[in-house]
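> sharing a model that was predicted from the sequence below.
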Amino acid sequence: MPVSSLNYYGMAYNGFTFGGAGSPYQITSVDGLVGLPDIRNQDDNQGFNDGMFSGRDFYGGRTVTVTIVTLSGNGNTAQYNYNLLKAALLPVANYTAFSSNNQLQFQLSAASGLQFLNARVRANKTVVDPNFTYGYVTSQWTFFAPDPKFYDNTQQTALMVVSNPLGRTYNRVYPLLYGGGSSASTTTVTNSGWANTYPIITITGPITNPTVGNTTQGNYITIQGTFTNTDSLVVDLGQRLVTYDGATARNLVSGGSNWFWAAPGSNQFFLTGTGTLAGTTAATVTWYNAYV
């Protein structure tokens with residue numbers, strides 16, 4: 001499980017801490033954590049002409065290499081502590097973003113606070129030499145993050161609870177709804193980071209044809225169907241995934257829908273739909289401040 005605090009220049013993976021003052025695991029270097037990840041570009045050659053056609057640039061994955069010197073401590077030899085480290089930093093077959101088992105946590109300073117990457121172990125290189133025998137075990141660990149962004153450790157939450165207005169719906173949201181038992185609710189999603197973040201929206205019924213969106217961008221997603229207060233309806237904006245009672249339900253996404261996100265700063269999210277019940281129908285938005 002993730003940890004709630006770390007010493008400065010400390011790290012943790014799957015709840016196992018290393019680095020920082022007093023730790024038998026001393027981090028001597030970290031490469032790839034600070035700075036931009038690899039860039040994926042869509043530039044293409046101009047054939048029988050000089051130069052290239054300019055395409056769009058996107059972030060690729062992030063590779064982080066951590067060098068650790070394991071020492072004796074906590075009543076253990078260096079070799080025993082190294083075995084504990086190896087047992088904690090194991091590759092995993094399946095990766096799930098924001099899973100507690102896939103978080104590489106770190107704290108570089110008081111200013112940055114506790115943050116994490118969604119990552120998994122990809123390599124470990126350890127040389128057995130005289131220093132290994134004398135209790136100075138140097139190992140190099142490689143973590144790969146398909147999502148190159150890093151996040152504040154504290155999850156943010158906002159709630160949208162609908163009412164049942166008799167006339168027009170304000171604030172104006174798209175698509176516009178008029179009368180007929182329509183409902184609308186907005187909330188401010190503040191991303192205090194400097195990179196786009198992709199919230200997860202959990203909708204509680206009763207509601208028919210719910211629409212969630214970001215008025216700041218003008219994009220929204222409509223989900224076709226009638227859902228009760230016992231149904232589980234989740235919109236994962238990062239994975240571009242809708243689940244209905246735990247099963248994938250992309251087929252319920254209406255044509256004309258566009259995926260959206262929370263840009264740095266304030267974003268106005270909204271929920272609309274029909275057949276709602278005031279005080280019961282709601283949507284919970286969860287997200288993490290994002291950086292790159």
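Perfect, thanks for sending it.
> so where do the helices sit in this structure?
Counting by DSSP state H, the chain has helices at residues 78-88, 130-133.
> in the longest one, which residues are buried?
Read it as helix 78-88. Ala78, Asn81, Tyr82, Leu84, Leu85, Ala88 (16 or more other C-beta atoms under 10 Å). C-beta here means a position set from N, CA and C on the backbone, and glycine is covered the same way.
> so which of the helices of the chain comes closest to Tyr151?
helix 78-88 (21.4 Å; C-beta to C-beta).
> tell me the centre residue of this structure?
Note on the chain: the residue nearest the mean C-alpha position is Phe98, at 5.3 Å, using C-alpha atoms, centre = their mean.
> quick one: that one and Phe116 touch, right?
No - between Phe98 and Phe116 there is no contact under C-beta atoms under 8 Å: 9.0 Å.
> coming back round to it: beta partners of the nearest residue to the residue nearest to the centre of the chain once chain neighbours are set aside?
Of all residues not flanking Phe98 in the chain, Asn118 sits nearest, at 6.1 Å (C-beta to C-beta, 6 or more residues apart in numbering). Listed beta-bridge partners, Asn118: Gln103 (assigned using DSSP bridges).
> quick check: the residue nearest to the centre of the chain vs Thr280, distance?
27 Å (C-beta to C-beta, to the nearest Å).
> now Gly10
Distance from Gly10 to Thr280, by C-beta to C-beta: 44 Å.
> where does the prediction get shaky in the stretch 51-200 of the chain?
163-184 (pLDDT under 70).
> show me the strands in it, by range?
Along the stretch 51-200 of the chain, counting by DSSP state E, counting those that start in this stretch, strands occupy 52-53, 57-59, 62-70, 103-107, 115-118, 120-126, 137-145, 150-152, 156-161, 183-191, 200-204.
> mind checking which of these is nearest Gln268?
Nearest of the strands of the stretch 51-200 of the chain (C-beta to C-beta): strand 183-191, 5.4 Å.
> quickly run through the sheet partners of that closest one, with directions.
Strand 183-191 pairs in its sheet with strand 265-274 (antiparallel), by DSSP bridges.
> tell me the mean pLDDT for the strand it pairs with?
For strand 265-274, the mean pLDDT works out to 95.
> quick check: angle from that strand to strand 156-161?
30 degrees (axes from the mean of the first three to the mean of the last three C-alpha atoms, to 10 degrees).
> and the residue nearest to Phe98, what does it touch?
Tyr95, Ala97, Phe98, Ser99, Asn102, Gln103, Leu104, Ala145, Pro146, Asp147 (C-beta atoms under 8 Å, 6 or more residues apart in numbering).
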